[in-house]
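just coords:
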Ligand SMILES: Nc1ncnc2c1ncn2[C@@H]1O[C@H](COP(=O)(O)OP(=O)(O)O)[C@@H](O)[C@H]1O
Ligand SMILES: [Mg+2]
């Protein structure tokens, strides 16, 4: 779907991106992870031609993106930014109608699609007539996502989409976004410096440092088979939590009926159950932990 080949980009004498290559399959979530200044945003923006590489190529569906008009290319690629990128002098309704208008959508279709997304993103429809500054950070971020999804682009780029939010809002919105049906089938490239976020949202993680890729692989591969010292060092502090987030329950308890749930998610779910079964559920957490430790010993 997306293929980046040996991307290089300098700013003056500063090498921001130094030979980055990766592939993202259709429907996959790839996370560009790394500390501030390592070249994540520059890499992301070379996918929608907001930045042109000095050398290297990006292909989308096998087509070199330089052969396409930037404006036309960008209409097929949603883009969500940390500070939502909404125009302050436009209402919410006007903000999210920008691309549909360019595509000559009918007003009724725009309104219908907006209402559908408001509903899915837990936004009250009355929000449409408000200006961005009148919204909370969480609402702004939801509107930013709604705008990027309006014309249902097959590819979505997200640059620190939760970065401006307080911690609790961030975790809540992350869970919501992750469960959103519209995002499940999208090809997604997301930038973050937050390791937990990368492990929760990523099918694969591209760990970067100083404009280069240190390792690219599934969360599990990075954690359990780091290819160098940098990679193992990067995850050291948060290791246990990351391990719980990267291992599926079915991997430690073969035959477990819930297929796609991680040990961490299952533990969270069990902890929040407060009913007559709670005693039994507590036992299950212990069983889960025991099975996890046995799995790790192998
Ligand atoms: N427009 C620019 N002009 C000059 N230097 C830039 C510009 N954009 C990025 N850089 C530099 O390139 C490096 C990578 O930046 P960036 O891709 O934004 O990193 P990240 O998103 O990982 O924080 C940084 O050192 C940054 O200062
Ligand atoms: Mg950045």
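Here it is on my side, so go on. From a predicted model like this one, the values you see are computed outputs, not experimental measurements. Residues are numbered from 1 along each chain as shown. Ligands and ions are numbered 1, 2, ... in the order given.

helices along the stretch 1-150 of the chain, start to end?
Under the criterion DSSP state H, counting those that start in this stretch, the stretch 1-150 of the chain contains helices at 40-45, 70-75, 92-96, 98-102, 107-120, 137-149.

residue 131 is nearest to which of those?
Proximity to residue 131 (C-beta to C-beta) singles out helix 92-96 among the helices of the stretch 1-150 of the chain, at 7.6 Å. Every residue, glycine included, has its C-beta placed from N, CA and C.

hang on, the earlier thing: now render the helices of the stretch 1-150 of the chain as CSV, adding distance to ligand 1 and mean pLDDT.
Listed next are these as CSV, based on distance: least, C-beta to the nearest ligand atom, whole Å; pLDDT from 0 to 100:
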stretch, distance to ligand 1, mean pLDDT
helix 40-45, 3, 98
helix 70-75, 17, 91
helix 92-96, 24, 96
helix 98-102, 24, 92
helix 107-120, 27, 94
helix 137-149, 18, 92
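
any idea how far residue 287 lies from residue 35?
Going from residue 287 to residue 35 by C-beta to C-beta, to the nearest Å gives 38 Å.

hmm, residue 138 and residue 173 touching each other?
Yes - the pair residue 173 / residue 138 is scored as a contact, 5.8 Å apart, by C-beta atoms under 8 Å.

mind listing the shared neighbours of these two?
Listed as contacting both residue 173 and residue 138 by C-beta atoms under 8 Å, 6 or more residues apart in numbering are residue 165.

find me the pLDDT at the nearest residue to residue 65 once chain neighbours are set aside, would you?
Using C-beta to C-beta, 6 or more residues apart in numbering and skipping residues adjacent in sequence, the residue nearest residue 65 is residue 58, 4.9 Å away. pLDDT, residue 58: 98.

what's the neighbour count on residue 58?
Residue neighbour count, defined by other C-beta atoms under 10 Å, stands at 20 for residue 58.

ok, residue 115 next?
Counted with other C-beta under 10 Å, residue 115 comes out at 13.

residues in contact with it?
Residue 115 makes contact with residue 125 under the criterion C-beta under 8 Å, 6+ apart.

packing partners of the helix or strand containing residue 264?
Of the helices and strands defined by DSSP states H and E, residue 264 is found in helix 263-272. Packing contacts for helix 263-272, counted by 3 or more C-beta pairs under 8 Å, 6 or more residues apart in numbering; DSSP states H and E, involve helix 239-246, helix 249-252, helix 278-297.

kindly recompute the last result at 10 Å.
Identification of packing neighbours for helix 263-272 by 3 or more C-beta pairs under 10 Å, 6 or more residues apart in numbering; DSSP states H and E yields helix 167-179, helix 195-201, helix 239-246, helix 249-252, helix 278-297.

which of the three states applies to the residue in the stretch 101-250 of the chain positioned nearest to ligand 1?
Taking C-beta to the nearest ligand atom, ligand 1 has its nearest neighbour within the stretch 101-250 of the chain at residue 191, 6.2 Å off. Recorded secondary structure, residue 191: strand (DSSP: H, G, I helix; E, B strand; the rest coil).

could you double-check that it sits in contact with residue 34?
Yes - using C-beta atoms under 10 Å, residue 191 makes contact with residue 34 at a distance of 8.7 Å.

list the contacts of residue 218.
199, 202-205, 224-225, 246 (C-beta atoms under 10 Å, 6 or more residues apart in numbering).

now do the same contact list for the nearest residue to residue 78 once chain neighbours are set aside.
Take residue 78 and drop its neighbours on the chain: the residue closest to it by C-beta to C-beta, 6+ apart is residue 148, 3.3 Å away. The contact partners of residue 148, taken as C-beta under 10 Å, 6+ apart, are 77-81, 84-85, 96, 99, 117, 156-158, 161, 186.

understood, closing this out.
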